[in-house]
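Undergrad: Provided below are the primary sequence and the corresponding predicted coordinates.
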Amino acid sequence: MVVRRIALILTVAVIAPVALWAAVTVKMATQAPVNSSWHKALLDLGAEWEAKTAGRVKLTIYAGGTQGSEDATIRMMRPGVDQLQSNLLMLPGLSTIDEGFNVFGIPFFFQSDAEGQYVLEKLTPMLEKRLDAKGYKLLAWGSAGWVQLFSKKPLSTLADIKAAKLYTSQGNDRMVQWYKTNGFNPVALNAGDIPAQLKLTTGMIDTAPSPPYPALLLQIFRDAKYMLDVRLTPLYGALILTNEAWNKIEANDRPIVMAAAKNAEKRLLGDAPKLDAESIATMKTRGLTVTVLDPKTAASFRAEADAFVKSMRGQMVPADVYDAAVRERDAFRKTQK
């Protein structure tokens, strides 16, 4: 009897670790259209996870917003729900988790991709901690490109933009109120409603901020035939994973998962400038009219915008995050001089 008990204990001791580190299938949602550059990067990420962990970590991707809006998919990641474990979120979704991410939505805050990515890298430890406190792990950053203004009629001044029926992300009531306070006419909608509303003669919106690549993929430019080339801000996103799912991944596999995510990050960030340029060129051949401001008008435009953008500090963006971003951005600019 004693021998049998010892044998049973030894058997459990051997089998238990295997059971503890069972294969993990990560279910990921994204608004990225199927077969888009971002979707392909995620498919390659999943293939790398599976190959390099010998099948212990697998990835199932639900692209094209098939699981609902970003807000809906975030709710599906909550403890106790666990229908999804991962998400490639853009700024609106990230800011619903933590307002610190709003720092990357400040208009005219950055002047170049290099500057934006420098600040992104410097603020990553701070934002990782804020995410971790909410139950998520930051795996990788990405960029959809620079936000431009696509409209149904030409825009050339800040007054024109304020008069427009401007698309704003649904669910961020404070951002909507901020726009109204500063004289804009925001209309909060789900991103998926943009193309349909622009097609209508009396649609709820007539202007939509968007990077060129999504505007091409979603055919926004077909109805919003004018683009004001103002480069409002780079539209950053982030690939996140629930802490619960991360803890289920075998310890030896975690560095592999992170390394593959960083490989994906290089593509998700690095492809943006090329996609911007190619998309604008393509849309121009299909009827898009691009308005480029002359240097004097552009400088005046930015000066007007800067006056109300500063009001975001402490309201839309936590003061410590805002100040850290300004500090790092200004430090980068000094190195360029």
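TA: That came through, no problem.

Undergrad: contacts, neighbours, all on C-alpha from now
TA: OK.

Undergrad: where do the strands sit along the stretch 151-300 of the chain?
TA: Assignment of strands within the stretch 151-300 of the chain using DSSP state E, counting those that start in this stretch yields the ranges 166-169, 186-189, 207-210, 226-229, 234-242, 289-292.

Undergrad: which of these sits most buried?
TA: Burial of the strands of the stretch 151-300 of the chain is given as mean neighbour count (mean count of other Cα atoms under 10 Å); strand 207-210 ranks first at a mean of 24.

Undergrad: helices or strands next to that strand in the packing?
TA: In terms of contacts (3 or more Cα pairs under 8 Å, 6 or more residues apart in numbering; DSSP states H and E), strand 207-210 is packed against strand 148-151, strand 166-169.

Undergrad: what do you get if the cut-off is 10 Å, keeping everything else the same?
TA: strand 136-146, strand 148-151, strand 166-169, strand 186-189, helix 194-199, helix 212-217, strand 226-229 (3 or more Cα pairs under 10 Å, 6 or more residues apart in numbering; DSSP states H and E).

Undergrad: put together TSV for the ones you listed, with distance to L293 and mean pLDDT on each row.
TA: As requested, those are exported to TSV (distance: least, Cα to Cα, whole Å; pLDDT from 0 to 100):
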stretch	distance to L293	mean pLDDT
strand 136-146	16	97
strand 148-151	13	96
strand 166-169	20	92
strand 186-189	23	92
helix 194-199	24	94
helix 212-217	17	96
strand 226-229	7	96
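
Undergrad: how about the ones you listed, which one is nearest E250?
TA: For the helices and strands packed on strand 207-210, proximity to E250 was assessed by Cα to Cα; strand 136-146 is nearest, at 15.5 Å.

Undergrad: what angle do the closest one and strand 234-242 make?
TA: Between strand 136-146 and strand 234-242, the angle comes out at 160 degrees (axes from the mean of the first three to the mean of the last three Cα atoms, to 10 degrees).

Undergrad: got the contact list for P234?
TA: 104-113, 116-117, 143-148, 210-211, 272 (Cα atoms under 10 Å, 6 or more residues apart in numbering).

Undergrad: thinking again about what came up before, can you add distance to F332 and give the strands of the stretch 151-300 of the chain back as CSV?
TA: Below are those laid out as CSV (distance: least, Cα to Cα, whole Å):
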stretch, distance to F332
strand 166-169, 30
strand 186-189, 33
strand 207-210, 26
strand 226-229, 24
strand 234-242, 17
strand 289-292, 27
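
Undergrad: now for those strands, which one comes closest to M126?
TA: Among the strands of the stretch 151-300 of the chain, strand 234-242 comes nearest to M126, with 14.3 Å by Cα to Cα.

Undergrad: gap between the closest one and the chain center?
TA: 4 Å (Cα atoms, centre = their mean, to the nearest Å).

Undergrad: could you do stretch 216-236 as well?
TA: 16 Å.

Undergrad: before we move on, the earlier item: of the strands of the stretch 151-300 of the chain, which is nearest K40?
TA: K40 lies closest to strand 234-242 among the strands of the stretch 151-300 of the chain, at 14.1 Å (Cα to Cα).

Undergrad: partner strands of that closest one and their direction?
TA: Within its sheet, and counting by DSSP bridges, strand 234-242 is paired with strand 86-90 (antiparallel), strand 136-146 (antiparallel).

Undergrad: tell me which of those is the most buried.
TA: The highest average neighbour count among these, using mean count of other Cα under 10 Å, belongs to strand 86-90 at a mean of 25.

Undergrad: and that strand, C-alpha only, in PDB?
TA: Taking Å, rounded to 0.1, in the frame of the first residue of the first chain, the C-alpha atoms of strand 86-90 are listed here in PDB:
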ATOM      1  CA  SER A  86      -6.000  39.800 -26.900                       C
ATOM      2  CA  ASN A  87      -6.700  42.900 -29.000                       C
ATOM      3  CA  LEU A  88      -5.000  45.100 -31.500                       C
ATOM      4  CA  LEU A  89      -6.500  48.400 -30.400                       C
ATOM      5  CA  MET A  90      -6.200  51.900 -31.800                       C
END
